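Asks: give me coordinates for this.
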Amino acid sequence: MFRAKELHLYNIAVQRESAYQLLEQIQKYSVNLIDMQPSIPQTVREYYNNIKNCEDILLKLNEIQAIITQNQTEIIKCTNYEALISRIKNNVDLAEIEEQLKSLKNMQENIMMSEERRNKLYEQRAVVLNSEQFQILQLNQPIPGEIDIKDVGLKSQRDLNRRVQYEFSLSIVQGTIHTNEVIRFGRIIFRTTKQNAYFISCQIADNIVDSKGNKLEKSVFYIVFSSGVSDVTRKRILKVCEVFGVTFYDIPTSETHKNVLIQLNTEIGVINEVIEESKQNLKDKLSYFVNIHTESSQSELNFQQLHADGHCSYIEELKITIQLQITTYYHLNFLKPQTLYYGQLWCTREIADKLKELQAKYPFQIYQFMMDIQYEPPSLTQTNDFTYPFQELVNTYGLPRYGEINPALFTVITFPFLFGIMFGDIGHGGLLLIFGIYLIFFGKKLHLSTVESNRTLPEKELHQLYQIRYLLTLMGFFACYSGFIYNDFFSFSLNYVDSCVDMLNSKYLPDCIPQIGFDGAWHKSKDMLSIMNSFKMKTAIVIGVTHMMFGIILKGWNCLYQKRHLDFICDFIPQLLFMASTFGYMSFLIILKWLSQYDKDPPSIITTMLTMYFTLGGIDGEPMYPGQVQIQTILIYITLGTPFIMLYPKPIFKICKFSQPQYREIIEQHEHHEDEEPLPPARGGLYKSKEKVEETHIDFGGFWIEASIETIEFVLGAVSNTASYLRLWALSLAHSQLSEVFFDMTLGSMIETGNIGGILIGFMIFAVVTFMVLMCMDTLECFLHALRLHWVEFQSKFYKADGHQYQPFNYVFFLENGIEFSSR
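Replies: Now for the predicted structure:
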């Protein structure tokens, strides 16, 4: 983990007939295959049709899975891909899958048609039953009557005394509608008929479901209105019904009412039997895909055994099998088809030796590519459960360049330590520590139980928490450690060590030093805040300078390992001397002041540093140590001279080097082919070595610009980065003050009153606010600030972060990370 593993580029040559089987064996060693045809699109490559055929099978399997999900049948997911792959078979019959899918679709359609027919019968029965309840049958008869001509608008004098017999009837429109539309439907009918219609409704009690199995709420409605000479009212009502999409049903006469009900009940009973039988047949058919195909009985296997043996539902095994075939065909297209298949791969020497052992079984050749130094190997950093989250923090900033030091190794300690300084509190850190320990011991068991219940979203969230369990534990530990130093426990101090203050006489005991952290008596002093601020501010400076100087030392280590002696002399040495002579010296004065006793007021660090620069090494007052003036004078000259060393020698040396005749041909060749270099593909790319690229990209003016920018950036960055570490002091102060304010305004004020009810309410408020603000928001804030200190202040000193990812060709890796390949 300190550096990426040493990789070499190997060529392979294999016969066409053995290529597929060879890749199945090579994937076990997680090599990085190279795409030998990056400019050729996937659609014209040799195995494109094979991938398309596999995708067709996968599409049909997804349709089968959709039917399984629609029928609410539980599918057992695979949680141990390695065990599954070791016993999986690649023989998947497309014709059989198509036949099974066709049969399942027919059964599903028959059930849907039967359920739709049953819904119609339910609605019709509800209409007939409720028509009797609302006495609609008696209304469905003609009623004779006499109406005066005046009432119908006739004003002719000749017809004043005429009376006619006028027969009219009460008409009924009945049907079903969705229950949530009943109120709106009734209002529109009322307005459309101008209050000349009577609307009644009743919800259907039968279980009506749609094609997806969701329950539908439907109601029966009846519209009673008078119909006479004109049929305008009926037309209006039917138009409204058409807009709302209602279903109409006829009402039987009084004589046939009972017979119709008997007939409907009989038909519903028959169709229910048909649906139940069809569903049972469909369930039996789906069980072939849902059940586990194993020699042992499924009831005899518990989840732990299923996980250990890699068992899952047969539909999952089929899908994984097809995905693996697609993956293999996709990477077969990486090989260059000629008389034999030719390819390249990155791997270690140990893996190459293991691959050579396969030559006895598979006819192929593997040999090292002698020009591999022309290309940049990918960065392969192996992690475990403990180091994984820290490596992810580094990779988010950028991947380590091949051969440079990986900062994740040091981040394991420095990241939680800086977090603990900002989050320092025994109580809050203890809660975080307990949560991390709980995830370590019980997180896996809880994760497996969640997977067993097939709860997808909690499974993902819990898995992410489980992955960072060690990070949370270390963050909580260092927060507790800093809390002991600050003597801070939920905003008040603890007397866990013997106090060095005589509380009766208010005197400090001579020659008494607390064993750990601050004396609890200091928290009762008026000067407590200023004392803690001074301590935390100076501690932040010392830790920040130490952190940055360590990063500069790692830069020198990189230069020596990569044999960049010019960078070691012109960058590392002057940068280390500059940092040591400025802020390193200030940190030395801070520590010296802590370890010294003064009879009168101690010297000010800021005044000493300002006097040193303004007087070129002078001091104001008594020296803090012997020879202070002479040492400070030397440091001043180092501070003024090191930027010139960073600025001038390096570009001058490069100009002299590349002005030699042997580099002229390289420069001209690069200028001729500069626009012809294709970009490597997203996967399987072969990258040119950065050192070789830098040798060909020669720009004499660029050397001076680069050196000037690096020098100015480092000198100004030394000041800004040191000041940036003061966030350690600021966030620690904010955390302690927030904790104190929350306690005083909630629980503390209630304790003073002595009210038990108030104390309970205050405690609940204090607990909720502490959890939401300090344990959630402040944890995230301190986490982000610690991350920034590593990315900007620490890693910028030595970390290029321009490497490219090692892309292992491994089935388990693809399945666990959800990486899928396709013909597109």
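
Asks: contacting residues for residue 240?
Replies: Contacts here follow Cβ atoms under 8 Å, 6 or more residues apart in numbering; on that basis residue 240 touches 185, 188-189, 192. Placement of C-beta: from N, CA and C, glycine included.

Asks: buried stuff in the helix or strand where it lies?
Replies: Per DSSP states H and E: residue 240 is located in helix 232-244. Within helix 232-244, the residues that count as buried by 16 or more other Cβ atoms under 10 Å are 233-234, 236-237, 240-241, 244.

Asks: do the same with stretch 649-660
Replies: Buried residues in stretch 649-660, counted by 16+ other Cβ under 10 Å: 650-651, 654, 658.

Asks: residue 463: which of those residues is nearest?
Replies: residue 650 (48.4 Å; Cβ to Cβ).

Asks: mind pulling up the pLDDT for that closest one?
Replies: Residue 650 carries a pLDDT value of 87.

Asks: just name the shakiest helix or strand of the protein by mean pLDDT.
Replies: Ranked by mean pLDDT, DSSP states H and E, the weakest helix or strand in the chain is strand 142-148, scoring a mean of 42.

Asks: for the stretch 251-400 of the chain, what spans make up the helices?
Replies: In the stretch 251-400 of the chain, the helices defined using DSSP state H, counting those that start in this stretch lie at 257-290, 303-309, 314-332, 349-356, 388-397.

Asks: where's residue 104, which helix or strand?
Replies: Residue 104 belongs to helix 94-133 when elements are defined using DSSP H and E.

Asks: please apply the same query to residue 172.
Replies: strand 163-178.

Asks: so where's the stretch 151-300 of the chain shaky on pLDDT?
Replies: Applying pLDDT under 70 to the stretch 151-300 of the chain flags the ranges 151-169, 211, 227-230, 295-300.

Asks: can you pull up the most central residue in this structure?
Replies: By Cα atoms, centre = their mean, the mean C-alpha position of the chain lies nearest to residue 464, the distance being 7.9 Å.

Asks: please tell me how far that one sits from residue 472.
Replies: Separation of residue 464 from residue 472 (Cβ to Cβ, to the nearest Å): 11 Å.

Asks: show me how far the helix or strand harbouring residue 479 is from its chain's centre.
Replies: Here residue 479, judged by DSSP H and E, is contained in helix 469-486. What separates the centre of helix 469-486 from the centre of its chain is 25 Å, taken as Cα atoms, centre = their mean, to the nearest Å.

Asks: list just the nearest of the buried residues of stretch 649-660 to residue 400.
Replies: Closest approach between the buried residues of stretch 649-660 and residue 400, by Cβ to Cβ: residue 650, at 23.6 Å.

Asks: the closest one contacts residue 566, correct?
Replies: Yes - the criterion here is Cβ atoms under 8 Å, and residue 650 meets it with residue 566 at 6.2 Å.

Asks: what's the spacing between the nearest residue to residue 758 once chain neighbours are set aside and residue 775?
Replies: Among residues not flanking residue 758 along the chain, residue 750 sits closest, at 4.1 Å (Cβ to Cβ, 6 or more residues apart in numbering). According to Cβ to Cβ, residue 750 and residue 775 sit 21 Å apart.

Asks: again with residue 534
Replies: Applying Cβ to Cβ, the value for residue 534 to residue 775 is 28 Å.

Asks: of the two, who's got more company?
Replies: The neighbour comparison of residue 534 against residue 775 (other Cβ atoms under 10 Å) goes to residue 775, with 17 against 12.

Asks: now do the SS call for that one.
Replies: The three-state label given to residue 775 by DSSP: H, G, I helix; E, B strand; the rest coil is helix.

Asks: who touches it in this structure?
Replies: Counting by Cβ under 8 Å, 6+ apart, residue 775 has contacts 428, 431-432.

Asks: and the gap between it and residue 476?
Replies: 11 Å.

Asks: and for residue 541?
Replies: Distance, residue 541 to residue 476, by Cβ to Cβ: 26 Å.

Asks: neighbour count winner among those two?
Replies: Each of residue 541 and residue 476 has its neighbours counted (other Cβ under 10 Å); residue 476 has more, 25 against 21.

Asks: distance check, the more buried one against residue 764.
Replies: In terms of Cβ to Cβ, residue 476 sits 24 Å off from residue 764.

Asks: repeat that for residue 687.
Replies: The gap separating residue 687 from residue 764 is 58 Å, by Cβ to Cβ.

Asks: same thing with residue 55?
Replies: Per Cβ to Cβ, residue 55 is found 57 Å from residue 764.

Asks: specify the beta-bridge partners of residue 198.
Replies: Beta-bridge pairing of residue 198 under DSSP bridges involves residue 224.

Asks: what's around it, how many residues?
Replies: Residues lying near residue 198 (other Cβ under 10 Å) number 16.

Asks: quick one: contacts for it?
Replies: Contacts for residue 198 were tallied using Cβ under 8 Å, 6+ apart; they are 223-225.

Asks: okay, these in CSV with neighbour count and distance to residue 22 next?
Replies: Shown next, in CSV, are those (neighbours: other Cβ atoms under 10 Å; distance: Cβ to Cβ, whole Å):
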residue, neighbour count, distance to residue 22
223, 25, 77
224, 17, 82
225, 18, 82
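
Asks: want to throw those residues into JSON lines with distance to residue 574?
Replies: Listed next are the contacts of residue 198 as JSON lines, based on distance: Cβ to Cβ, whole Å:
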{"residue": "223", "distance to residue 574": "95"}
{"residue": "224", "distance to residue 574": "100"}
{"residue": "225", "distance to residue 574": "100"}
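
Asks: just give me the closest of the residues you listed to residue 36.
Replies: residue 223 (76.0 Å).

Asks: look up phi and psi at the residue nearest to residue 403 when sequence neighbours are not counted.
Replies: By the measure of Cβ to Cβ, 6+ apart, the closest residue to residue 403 outside its immediate chain neighbours is residue 562, 5.5 Å from it. Here is the backbone geometry of residue 562 (degrees, to the nearest 10): phi -90, psi 0.

Asks: give me the pLDDT value at residue 562.
Replies: 87.

Asks: close enough to count as contact, it and residue 405?
Replies: No - counting by Cβ under 8 Å, residue 562 sits too far from residue 405 to count as a contact (10.2 Å).

Asks: okay, those two: which has more neighbours?
Replies: A count of neighbours by other Cβ under 10 Å puts residue 405 above the other of residue 562 and residue 405, at 20 against 15.

Asks: and residue 470, how many neighbours?
Replies: So residue 470, with other Cβ under 10 Å, has 20 neighbours.

Asks: how far away is it from residue 787?
Replies: From residue 470 to residue 787 the distance is 17 Å (Cβ to Cβ).

Asks: helices or strands next to the helix or strand containing residue 12 in the packing?
Replies: In this assignment (DSSP H and E), residue 12 forms part of strand 8-14. In terms of contacts (3 or more Cβ pairs under 8 Å, 6 or more residues apart in numbering; DSSP states H and E), strand 8-14 is packed against strand 341-347, helix 349-356, strand 364-368.

Asks: out of the ones you listed, which is closest to residue 41?
Replies: Minimum separation from residue 41 across these (Cβ to Cβ) falls at strand 341-347, 18.6 Å.

Asks: cool, thanks, signing off.
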